[in-house]
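1. Starting from these lines, generate the structure:
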Amino acid sequence: MTIRAASAVLSLLCLTESASVVIRKTSQGPTGYEVDFRYVNVTAKRVLIGGGIQPFTDQFHTTGTSFRANGRYDPHDYQPGDFYVSNPSPQLPAEPAYRWPYEMTQSEDGIWTYTAPLPSGIYSFAYLVNCNYAPNCSIDTGHLVIDPDLPPFMNVQGDQVASSFQVPFDPEFQASPEINTNFDYALAAPKEHRGTVKTVNYTSPGSIHPEPDVHDFSIYLPAEYGSVSGKKYPLLYLSHGAGGNGADWENLGRMSHIMDNLIRVGHIPPTVVVTPSFYNLEADSPRFIYGNKSNNVPVPPAQVVRENFEKFLFPWVEQHYEVCQNASCRAFAGLSMGGVLTYEMFVNATDKFDYYGMFSPATNAPYIDAASVSANPGLLRKGIMVAYGLYDFVFPQARELQTALDAVGIRYINRVTPFGSHYWNTWQDELWWFGQKVLWKPLPFGVQTGRQGRRLPVS
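-> Numbers count the residues shown, from 1 in each chain. Below you'll find the predicted structure:
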């Protein structure tokens, strides 16, 4: 890459002797942007880019989760309307008819490079060194390498195993009449509108990570926070899913950017966001460390997590931050198993939150019924969003949840992400629309709820 080109890029980091990722605006097809990966390893025999980055598909060659047999495209073959779905990298060369597109090439001096014309979206990745299948690659053996110059957002070392970057949208090359895949709402807001995000350790008796009797969460504080004396801010709890932790929403989803933009364009007032971790809460449970698949640590029961959060997390946050302490300005949302936890909060902590976001919820029967509502009529007066992707493997479960809510007369907002699978582009979309259409809107919801709201202009 020339020095002149480097001066015109949206650069995530400077080129170094170890690794770099640079996003370049090309103003040329197929996407208007190219992403350059550079990684130095003089002993590697083969390097793939995996750990989250995906091939592409389109709506006309994809049905449900059968995309593995259809429309698995190299990004160099991108056409407007294409999008990526959760599609784990194949075990190479177990699929000789299919070539994993993200393979780096080596120059004589041991520098590995790869360039792809990626469209708008969030991309997580790690380098797979001398390893053909991501689930078989590990950090301990050196087969999975996190970009050393683009470290992930995390609490302690080992809490995340992938870095990420966000590519802008170019309407000249990416606009499609079939589908809108503009994710610019997850790009960084202007500096004066940016909040802060950090990890926090708090006292949690019985917890086992990161230390005995200490647990962790990440917190987003809006740009305005601390500038208005005595002001209490609306509070959103946002949960990760199975196999994740509280840093996921920031590292893999750019939660702070989405919140900055929701606030900047006036969809919501300045709001504090807490993203807790639901593993490692009990001394007698096995320790979960992100990416350590050999443990097969089960997801703790939602009831156990709820009771722990009510006893330790919620009071600690209220004591240490200027946040609202009544249901009208508090919300709980989560993805996948975090959606199950959200449903648990809705049913059994009804008086603590007025707003609930169930994103790709992995819920199962039994659901609430008429007797449940009779015993807890507050269930009818909440602001709920049920959201999932059109290609999401929990699609049937989410629909069953909606059927149960319909059966007892509970109103809710529904979002079916048209390009969505069980992955972060879906959950970015759902958080964005949750902020626009649900958070802090008048209750109870009616037929006009969600019909108002401003759209973030294309940048």
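
2. Show the low-confidence segments of the stretch 201-350 of the chain, by residue range.
-> 291-295 (pLDDT under 70).

3. Need the three-state assignment for the residue of the chain positioned farthest from its centre.
-> In the chain, the residue that sits farthest from the middle, by Cα atoms, centre = their mean, is residue 108; the gap is 37.9 Å. Secondary structure, DSSP: H, G, I helix; E, B strand; the rest coil: residue 108 is coil.

4. Ok, residue 319 next?
-> helix.

5. Surely residue 166 forms part of a strand?
-> Yes. The assignment for residue 166 by three-state DSSP puts it in a strand.

6. So what does the residue most central in space within the chain look like in phi/psi?
-> Centroid-nearest residue in the chain: residue 253, 3.4 Å away (criterion: Cα atoms, centre = their mean). Residue 253 has phi and psi values of phi -120, psi -10 when expressed as degrees, to the nearest 10.

7. Poorly predicted segments of the stretch 1-150 of the chain, please.
-> In the stretch 1-150 of the chain, residues with pLDDT under 70: 1-17, 63-71, 87-98.

8. all strands of it, in order?
-> 10-11, 19-25, 33-40, 47-50, 56-57, 83-84, 105-106, 111-116, 121-129, 144-145 (DSSP state E, counting those that start in this stretch).

9. Using JSON lines, lay out these together with distance to residue 156.
-> No exception for glycine: its C-beta is placed from N, CA and C like everyone else's. Formatted as JSON lines, these follow (distance: least, Cβ to Cβ, whole Å):
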{"stretch": "strand 10-11", "distance to residue 156": "28"}
{"stretch": "strand 19-25", "distance to residue 156": "22"}
{"stretch": "strand 33-40", "distance to residue 156": "25"}
{"stretch": "strand 47-50", "distance to residue 156": "24"}
{"stretch": "strand 56-57", "distance to residue 156": "35"}
{"stretch": "strand 83-84", "distance to residue 156": "30"}
{"stretch": "strand 105-106", "distance to residue 156": "33"}
{"stretch": "strand 111-116", "distance to residue 156": "29"}
{"stretch": "strand 121-129", "distance to residue 156": "18"}
{"stretch": "strand 144-145", "distance to residue 156": "18"}
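
10. looking at the ones you listed, which is closest to residue 204?
-> strand 121-129 (27.9 Å; Cβ to Cβ).

11. so what does the closest one touch, helix or strand wise?
-> If contacts are counted by 3 or more Cβ pairs under 8 Å, 6 or more residues apart in numbering; DSSP states H and E, strand 121-129 sits against strand 33-40, strand 47-50, strand 144-145, strand 163-167, helix 424-437.

12. okay if I get those as a markdown table plus distance to residue 102 and mean neighbour count?
-> Below are the helices and strands packed on strand 121-129 laid out as a markdown table (distance: least, Cβ to Cβ, whole Å; neighbours: other Cβ atoms under 10 Å):
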| stretch | distance to residue 102 | mean neighbour count |
| --- | --- | --- |
| strand 33-40 | 8 | 21 |
| strand 47-50 | 4 | 24 |
| strand 144-145 | 14 | 22 |
| strand 163-167 | 14 | 23 |
| helix 424-437 | 17 | 25 |
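
13. Next, format these as TSV and append distance to residue 324.
-> As requested, these are exported to TSV (distance: least, Cβ to Cβ, whole Å):
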stretch	distance to residue 324
strand 33-40	40
strand 47-50	42
strand 144-145	41
strand 163-167	30
helix 424-437	16
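
14. Which of the ones you listed sits closest to residue 220?
-> If we rank the helices and strands packed on strand 121-129 by Cβ to Cβ, the stretch that ends up nearest is helix 424-437, at 11.5 Å.

15. okay, the angle between the closest one and strand 121-129?
-> 150 degrees (axes from the mean of the first three to the mean of the last three Cα atoms, to 10 degrees).

16. still on that earlier bit, nearest approach to residue 435 belongs to which of the strands of the stretch 1-150 of the chain?
-> strand 121-129 (16.6 Å).
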